[in-house]
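K.L.:
No letters, just coordinates:
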């Protein structure tokens, strides 16, 4: 039986640390530990998790974030996602920016209701500018470049299904593994 040789664990761990040190981590807000943000509302709470930037066009930043809604009388939170545009105001001398205005462009939840969607849009558009989300522009640009590379790599993935061959008569599967071994087969 052929033995499979596993990669030494220390090489895998070293590679993970190298990737973590090289890849920039963008955090909305000067302190990345300020997430998630919880908004207490009548009858429950809304929690917004750290947004992921998708695109920067001039001073308009497009992002997405996970959101959960928990009602006091329910057992579990309902998770969904929001996409939003934010107008940035920048401090060029310090290469920093902060979010001035927010527009929620899309909300997705299971069993989505239009009135709940509008309520959530209004709530987040009112609350988010008050969070004083300030960040480094250089880290934002690096994160957006990585996002673009990820998008390009995802487009190159071949997701077309393989050719499926159907036979209505018996067939034999021949597995070929390793070097061929030619020998005479008795009674043939």
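P.N.:
Yep, it's here. Remember, predicted model here, so these are calculated numbers, not experimental data.

K.L.:
I'd say residue 106 and residue 82 touch.
P.N.:
Yes - between residue 106 and residue 82 a contact is recorded at 6.9 Å, counting by C-beta atoms under 8 Å. For the C-beta atoms, the positions are set from N, CA and C on the backbone; glycine is no exception.

K.L.:
more crowded one of these two?
P.N.:
A direct count of neighbours by other C-beta atoms under 10 Å for residue 106 and residue 82 places residue 82 higher, at 21 against 11.

K.L.:
Please identify the helix or strand for the residue lying closest to residue 78 once chain neighbours are set aside.
P.N.:
Leaving aside its sequence neighbours, residue 78 sits nearest to residue 69 (C-beta to C-beta, 6 or more residues apart in numbering; 5.1 Å). Under the criterion DSSP states H and E, the helix or strand holding residue 69 is strand 60-71.

K.L.:
what packs against that strand?
P.N.:
strand 44-48, strand 52-57, strand 78-91, strand 96-108, helix 114-127 (3 or more C-beta pairs under 8 Å, 6 or more residues apart in numbering; DSSP states H and E).

K.L.:
Which strands and helices lie in contact with the helix ranked longest in the chain?
P.N.:
Longest helix of the chain, by residue count under DSSP state H: helix 137-155. Judged by 3+ C-beta pairs under 8 Å, 6+ apart, the packing partners of helix 137-155 are strand 52-57, strand 96-108.

K.L.:
Kindly state the beta-bridge partners for the residue nearest to residue 78.
P.N.:
When assigned by DSSP bridges, residue 69 has beta-bridge partners residue 46, residue 78.

K.L.:
I figured it hits residue 44, correct?
P.N.:
Yes - assessed by C-beta under 8 Å, residue 69 is found in contact with residue 44 at 6.7 Å.

K.L.:
how much space between the residue nearest the centre of the chain and residue 41?
P.N.:
By C-alpha atoms, centre = their mean, the mean C-alpha position of the chain lies nearest to residue 52, the distance being 7.1 Å. Between residue 52 and residue 41 the distance is 24 Å, computed by C-beta to C-beta, to the nearest Å.

K.L.:
Next: residue 107.
P.N.:
Separation of residue 107 from residue 41 (C-beta to C-beta) stands at 15 Å.

K.L.:
which one of the two has more residues nearby?
P.N.:
Between residue 107 and residue 41, counted using other C-beta under 10 Å, the more crowded position is residue 107 (20 against 16).

K.L.:
ok so, going back, can I get the helices and strands packed on helix 137-155 in JSON lines including mean pLDDT and distance to residue 155?
P.N.:
Output for those, formatted as JSON lines (pLDDT from 0 to 100; distance: least, C-beta to C-beta, whole Å):
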{"stretch": "strand 52-57", "mean pLDDT": "92", "distance to residue 155": "15"}
{"stretch": "strand 96-108", "mean pLDDT": "91", "distance to residue 155": "22"}
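
K.L.:
any idea which of those is most buried?
P.N.:
Among the helices and strands packed on helix 137-155, the stretch with the highest mean neighbour count (mean count of other C-beta atoms under 10 Å) is strand 96-108, at a mean of 16.
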